[in-house]
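Participant: Give the three-dimensional model of this entry:
(one chain, ligands or ions: 1)
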Amino acid sequence: MIAIGPARENDADWCARLMESTDPWITLGRRYEECLARLTHPEYTLLVARRESGEPVGFMLLHPRGLAGSPYLASIAVAPDARGQGLGHLLLERAEAEFPSARSIFLLVSSFNQRAFALYQRLGYQRVGEIPGYSLETASEIIMYKRLSR
Ligand SMILES: CC(C)(COP(=O)(O)OP(=O)(O)OC[C@H]1O[C@@H](n2cnc3c(N)ncnc32)[C@H](O)[C@@H]1OP(=O)(O)O)[C@@H](O)C(=O)NCCC(=O)NCCS
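Facilitator: Model prediction:
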């Protein structure tokens, strides 16, 4: 059983360690301190997925008006040994539920992160743009958007 809820003390540290040790953030050159600063920024909401034992298994970072005045999914990650079991899907559903009055939600995905791109597409996100060289000179950030049926 997995529960998703607001971050607790020390969760941001766990999330920053997960980010710094996994792609796309390794390729993007994101260090622990940079990840932690983003994860603890007061404008963002950090939600953590955890097992009944309390052990964290994934997280997502949301901004309520991060892109074009709509909610923005800034980061999402699942612990490597818990991937491919539907947790990412669960987190993305929760992101939509977090903003019941929003009509749209946005995210960015790096052009080299094709598996994450495929997951977003399966969940109804559309590719609506591309920003070349945004985070890395040699890659693009793909803008993805989902119209919420409300
Ligand atoms: C992307 C991510 C959050 C998805 O979480 P998840 O729990 O594995 O997702 P689900 O089990 O709901 O769905 C599995 C699908 O996720 C996608 N996926 C992306 N990266 C994956 C990975 N490393 N392992 C397994 N699935 C991954 C695939 O589309 C996969 O479907 P497939 O097995 O048919 O290829 C997770 O894989 C992850 O943390 N990846 C590293 C960080 C990352 O890329 N974050 C997104 C930044 S935009």
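Participant: mind checking which helix or strand G54 is in?
Facilitator: Mapping G54 onto the secondary structure by DSSP states H and E places it in no helix or strand at all.
Participant: State the distance from it to S140.
Facilitator: Here the criterion is C-beta to C-beta, to the nearest Å. By it, G54 lies 38 Å from S140. From N, CA and C alone the C-beta is placed, and that goes for glycine too.
Participant: do C35 as well
Facilitator: Counting by C-beta to C-beta, the separation of C35 from S140 is 21 Å.
Participant: G54 and S140: which is more packed in?
Facilitator: Under the criterion of other C-beta atoms under 10 Å, the comparison of G54 against S140 puts S140 first, with 18 against 8.
Participant: Contacts only, for the more buried one.
Facilitator: With contacts defined as C-beta atoms under 8 Å, 6 or more residues apart in numbering, the neighbours of S140 are S110, S111, E130, I131, P132, G133, Y134.
Participant: Go ahead and name everything in contact with the helix or strand containing L36.
Facilitator: Element membership of L36, judged by DSSP H and E, is helix 32-39. If you take C-beta under 8 Å, 6+ apart as the criterion, helix 32-39 is touched by 7, 12-13, 15-17, 19-20, 25, 44, 46, 61, 74-75.
Participant: Identify, from the residues you listed, the entry nearest to the ligand.
Facilitator: When those are ranked by distance to the ligand (C-beta to the nearest ligand atom), S75 comes first, at 6.5 Å.
Participant: Shouldn't the closest one be within a helix?
Facilitator: No - the assignment for S75 (DSSP: H, G, I helix; E, B strand; the rest coil) gives strand, which keeps it out of a helix.
Participant: shouldn't it be in contact with L61?
Facilitator: Yes - between S75 and L61 a contact is recorded at 4.3 Å, counting by C-beta atoms under 8 Å.
Participant: When those two are compared, which one has more neighbours?
Facilitator: Counted by other C-beta under 10 Å, S75 and L61 do not tie: L61 has more neighbours, with 25 against 21.
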